[in-house]
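J.: would you be able to build a 3D model of this:
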Amino acid sequence: MSMLLIVIGAALILSIAYWTYGPILSRLLKLDPHARTPAVEHRNDIDYMPIGAGALLSQHFSAIAAAGPIVGPILAGKTFGWAPALLWILLGAIFIGGVHDMTALVASIRHKALSIAEVVRKHMSRRAFLLFLLFVWLALIYIIVAFTDITAGAFVGIQKLENGEAVSGAGIASSSLMYLALPIIMGLVVRFGGISMERATFIFLPLVAVSIWLGQKLPVDMTSVLGYFTENPDEAAARRAWNILLLVYCCIASVVPMWLLLQPRGQLGGYFLYAALGAGALGLLLGGKPIQFPAFTEGTLAGTNDLFPMLFITIACGACSGFHALIASGTTSKQLRVETDARVIGYGAMLLESMVAIVSLCCVMMLAKDSPVASSDPNNIYAQGIGAFLQKVGIRPELGISFALMAFTTFVYDTLDVCTRLGRYIIQELTGWHNRKGMWLGTLLTGGLPAIFLLQTIKDSEGKPVQVWRTFWALFGASNQLLAALPLLGVTVWLWRTRKAIWVWFVTGIPTVWMYAMSSWALVNIMRGPQKLGFNELLMKYADVFRNIGRGLTGQLTLNEFSQQLVPLIALVLLTLAVLMLVEALLIFARMGSAGTPPAIEPSDSRQALA
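T.: Sure, this is the predicted structure:
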């Protein structure tokens, strides 16, 4: 079977789903093209600003995609084989991820574009609301940690190509800095120059291509920069420096007006995603490499690699991701101009993201199992794959790989500053400080805490340094998928209270159960560790963890030793919060009963009673 046949078949399946299941969801949710959305009702051009479906799709798509649909499918393909990864991407996106994204977006716009946490508060309880906010904020911290470190890793070192040429990480860093400047200029031009977003896009997109080419000519070598301040800095020091600079960028970007950075960068980033998809499709059409990687790895066939549940938390973005609910209800709902656009932006963007995941999976499928590239980082595997596809149209390997690495980091930028902005929203909701004091407190807390982890040198059991993102990826995946279960749970409660229709249990209820089961199971596996600790051993492990936490708080451990105790502790906290949320929901369902009219709806929610 050829990769081209697989990609075409996947595209057809996703297209059929969009034109069949998508309209069914629209009818069930009763989207109204004449309803005034919160973006129109509360427009202030800082947080609330309506824009067209095309521009919002690009921005939303760019924000939700990030590195997730690249890293996850590549790791899963290497671990389990490409066949189970492909099946989960397709089925997950159509029946779980797309439903999750679209219902979270609709739930938000039916509640004045408030966050999904506010929907939980209105339809469950204040206790559930606080539990959810704490869970979400912790998950955001891990998303920022994982994606910041992956991006910083692309800015250091040199990638040697098969033809002897090289791609400099410093060049990628330079291209990225140029790319960050372009949307700011674009935003100013659109705002004050009287040029439409569409015309500005056609002007600035070619400049993005110029920045990719120019980056390798004018590299920004952080190791050399650090040499002015310290002796013999290495790549690890350069990576930590980039981590801090990226966090500073997140803090600044999360408080500037949407028109200045988020919207124009989302527009350019969306087209960048389309270009990356197009590059993969074009390379496949013109004769991509044959499939060499096994459909099922030996561990999958032998049942020794924990396919269940680890596959379903390794691939999050591309199949289903709780982070999407935060984007949908955090920034996208505040820009949705027409209710009916929720289908193309909520459901359609998820299906597009699954195509990004499939192209990423193809980058594994073309590798021989014993290839040296197969053992490298996911961003390198992705870049090598896209570079191979672009060679089919005559683009030199170093330029194709630079394009792919630039695309990779571009996707992450959107996610990082949106995460920081959402973390700021949560702190403001918790404190009630909806002013500049609350804005900066929320921003600094959300952007500052990841620095504690990113500045540490984490080592494995043999004392070898481990990249920070690798340490946190499994926990990020499990918490992210549990984060998907929680909005689905909240939406199910909302829909049942307002509809009392049997379809609610099939459309959102079953996906809720699946995501809860897989993610909770994975968190338990993480807590047990590779040794598969039994119950008594697990109790002893956590007794040691709590003792070490106490020692750390009293200054008896180094910051590095203390931070490494937090991973098992956070896993326990996340699982506990999820269980408490589930208990809250079950109590509400028990009080509601299986019959009768829904509880009274507050006047502020009168729109949903008509839904």
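
J.: can you list contacts of stretch 284-296?
T.: For stretch 284-296, contacts defined as Cβ atoms under 8 Å, 6 or more residues apart in numbering pick out 1-4, 7, 77-78, 80-84, 362, 364-369, 374, 388-389, 392-393. In this view, the C-beta of every residue, glycine as well, is placed from N, C-alpha and C.

J.: ok, now stretch 438-445?
T.: 251, 254-255, 420, 423-428, 431-433.

J.: counting neighbours, which of those residues comes out on top?
T.: Highest neighbour count within these, by other Cβ atoms under 10 Å: Gly423, with 29 neighbours.

J.: which strand or helix spans it?
T.: Gly423 belongs to helix 397-431 when assigned by DSSP states H and E.

J.: could you point out which element follows that helix?
T.: Moving toward the C-terminus from helix 397-431, the next helix or strand (DSSP H and E) is helix 436-454.

J.: between helix 397-431 and that next one, find me the angle.
T.: Counting by axes from the mean of the first three to the mean of the last three Cα atoms, to 10 degrees, helix 436-454 lies at 130 degrees to helix 397-431.

J.: please renumber the chain so that the first residue is 423 from this point on.
T.: Got it, first residue is 423 now, which makes that one helix 858-876.

J.: average model confidence for helix 858-876?
T.: What helix 858-876 shows for mean pLDDT is 90.

J.: cool, stretch 447-456 as well?
T.: The pLDDT scores in stretch 447-456 average 95.

J.: next one: stretch 666-682
T.: Per-residue scores along stretch 666-682 average to 89.

J.: helices of the stretch 473-622 of the chain, residue ranges please.
T.: 475-487, 490-502, 504-514, 520-531, 538-545, 548-576, 591-614, 619-639 (DSSP state H, counting those that start in this stretch).

J.: if we can go back for a sec, biggest separation within the contacts of stretch 860-867, which pair?
T.: Pairwise distances across those peak at 21.5 Å for Cys673 and Gly854 (criterion: Cβ to Cβ).

J.: mind showing which ranges of the chain have poor pLDDT?
T.: Applying pLDDT under 70 to the chain picks out residues 423, 584-586, 709-710, 881-885, 980-982, 984-986, 1015-1033.

J.: distance of Lys886 relative to Arg892?
T.: Separation of Lys886 from Arg892 (Cβ to Cβ, to the nearest Å): 11 Å.

J.: how many neighbours does Ser618 have?
T.: Ser618 has 10 neighbours, counted by other Cβ under 10 Å.

J.: what sits against it?
T.: Val612.

J.: so which of the contacts of stretch 706-718 are in helices?
T.: Among those, the members falling in helices (DSSP state H) are 425-426, 429, 499-500, 502, 504-506, 784, 786-787, 810-811.

J.: TSV for these, including neighbour count and distance to Asp571?
T.: Formatted as TSV, the ones in helices among the contacts of stretch 706-718 follow (neighbours: other Cβ atoms under 10 Å; distance: Cβ to Cβ, whole Å):
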residue	neighbour count	distance to Asp571
Met425	22	30
Leu426	16	34
Val429	20	30
Gly499	31	21
Lys500	20	19
Phe502	25	24
Trp504	24	26
Ala505	17	30
Pro506	21	27
Cys784	30	25
Val786	27	21
Met787	25	26
Ala810	22	26
Phe811	29	27
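
J.: which of those residues sits closest to Pro445?
T.: Val429 (24.9 Å).

J.: so how far is Ile1010 from the residue lying closest to that closest one once chain neighbours are set aside?
T.: With sequence-adjacent residues excluded and distances taken as Cβ to Cβ, 6 or more residues apart in numbering, Val429 is closest to Leu706, at 5.6 Å. As for Leu706, its distance to Ile1010 is 49 Å (criterion: Cβ to Cβ).
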